[in-house]
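K.L.:
One predicted model, sequence on top.
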Amino acid sequence: MSFWQGKRALVTGGCGFIGTFLVRSLVDAGVSVRVADNLERGSVAGLGSAVDKVEVQQVDLREPGVADKACEGMDVVFHLASKVGGIGYYLKYPWDVMHSNLTMDGHVLSAIIARKVPYYFYASSAHIYPIELQQEIEAPLIREDQAYPANPSLTYGWAKLMGEQGIAAALAEGHRFRAAIARIVGAYGPGQDFQLATGSVIPVFCHRAVRYPELKPFRVLGTGKETRTYCYVDDVVGAILRSVEKLEDSPQVGPYNLGTCDLVTIAEIAETIIAISGKEISIDYDTSHPTKIWGQAPDITLAEQLLDGWKPRVTLREGLEICYQDVKKRLGG
């Protein structure tokens, strides 16, 4: 029998981007799934045909007692719920981002302990890494052991780092649960928020391309020379599931980098999406916008070692084509 057959799992943020893909995969594996989501960014419709097999609780995990009720009777908790947005959102609302995430993480971890949930997955982020490691366009790949001395550039990163430390502190006290922690880097795919004010790079660029020339100019914040890495959501979910399966044999898996080490510039992303659109579009680079992170690429050697040779399979071009068609469809194009 597979690890998942007959398990009961809670997915916080299960109506969000990564969450919907994870929920559908769990349902396919025979898991009884409960979702806890405030639907601030997510949608029940994103669960697709799995919605009739899932218990959805529209709740706010920042409220006392909510997480405890959601964790009742669970074998596994996947904690994906988070206050997220694009870089502009993080810079505009630093306190709200930090306070919301610290509160949610604290409530969920307390509930894990109180309800004696045996398996826990925590979605961390590459934003936990010190800003000094991300100030070069082609900086060396970032290893997990470089998280300290801590100096994240955003409050979102600080909150995620504290979430990791909370798990370490609970385990050090002897609380009996097993935890997998993934520092997710550049997850993308269909269904992401494409709103210009809150979305991340890929869906926003797709949005701009679909609506061009109605929406002009095709604006890119920064120089375009900044480098990033992007990992397709199916590959991310595969690693998440595998890391929890590995907890059968280990009390902790990670923290490990979950992404790809293939660098691409922001300009290359924009140019590829424009090429996919088939339109003649000139790019307007807003160089007045401050660049907080110049380069961000993870070393994924540890993930390969921990997860039996896991590697991303979907190429960036393949993923961008899927994303463009998804945004076009959702915009009515």
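P.N.:
Arrived safely.

K.L.:
Pull out the buried positions in stretch 127-138.
P.N.:
His127, Ile128, Tyr129, Pro130, Leu133, Gln134 (16 or more other C-beta atoms under 10 Å). Just so you know, the C-beta spots here come from the backbone N, C-alpha and C atoms, and that holds for glycine as well.

K.L.:
Go through those residues and name the one with the lowest pLDDT.
P.N.:
pLDDT across the buried residues of stretch 127-138 is at its lowest for Gln134, which sits at 84.

K.L.:
Quickly note the distance from the nearest residue to that one once chain neighbours are set aside to Gln146.
P.N.:
Distances taken as C-beta to C-beta, 6 or more residues apart in numbering place Ile293 nearest to Gln134, at 4.6 Å, with adjacent residues excluded. As judged by C-beta to C-beta, to the nearest Å, Ile293 and Gln146 stand 15 Å apart.

K.L.:
Who has more neighbours out of those two?
P.N.:
Between Ile293 and Gln146, counting by other C-beta atoms under 10 Å, Ile293 is the more crowded of the two (20 against 14).

K.L.:
now the helices for this protein?
P.N.:
Per DSSP state H, the chain has helices spanning 17-28, 66-71, 87-92, 94-114, 155-172, 201-211, 233-245, 266-277, 301-306, 316-330. These are given in chain order.

K.L.:
Can you flag the weakest of these by average pLDDT?
P.N.:
Lowest mean pLDDT within these: helix 87-92, at a mean of 82.

K.L.:
Give me the contacts around that helix.
P.N.:
For helix 87-92, contacts defined as C-beta atoms under 8 Å, 6 or more residues apart in numbering pick out Val97, Leu154, Thr155, Tyr156, Ala197, Thr198, Leu221, Lys292, Ile293.

K.L.:
Tell me how many other residues crowd the residue nearest to the third one when sequence neighbours are not counted.
P.N.:
So the one you mean is Thr155. In space, Thr155 comes closest to Met98 once its chain neighbours are excluded; the distance is 3.7 Å by C-beta to C-beta, 6+ apart. Applying other C-beta under 10 Å, we find 20 residues neighbouring Met98.

K.L.:
Pull the contacting residues for Met98.
P.N.:
Neighbour list for Met98: Thr155, Tyr156, Trp158, Ala159 [criterion: C-beta under 8 Å, 6+ apart].

K.L.:
which parts of stretch 279-298 are buried?
P.N.:
Across stretch 279-298, burial judged by 16+ other C-beta under 10 Å covers Ile281, Ile283, Tyr285, Lys292, Ile293, Trp294, Gly295, Gln296, Ala297, Pro298.

K.L.:
quick one: which two of those residues are the most distant?
P.N.:
Across the buried residues of stretch 279-298, the longest distance by C-beta to C-beta is 30.7 Å; it joins Ile281 and Pro298.

K.L.:
May I see the helices of the chain organised as JSON lines, with distance to Asp193 added?
P.N.:
Listed next are the helices of the chain as JSON lines, based on distance: least, C-beta to C-beta, whole Å:
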{"stretch": "helix 17-28", "distance to Asp193": "7"}
{"stretch": "helix 66-71", "distance to Asp193": "23"}
{"stretch": "helix 87-92", "distance to Asp193": "10"}
{"stretch": "helix 94-114", "distance to Asp193": "15"}
{"stretch": "helix 155-172", "distance to Asp193": "15"}
{"stretch": "helix 201-211", "distance to Asp193": "6"}
{"stretch": "helix 233-245", "distance to Asp193": "13"}
{"stretch": "helix 266-277", "distance to Asp193": "16"}
{"stretch": "helix 301-306", "distance to Asp193": "26"}
{"stretch": "helix 316-330", "distance to Asp193": "10"}
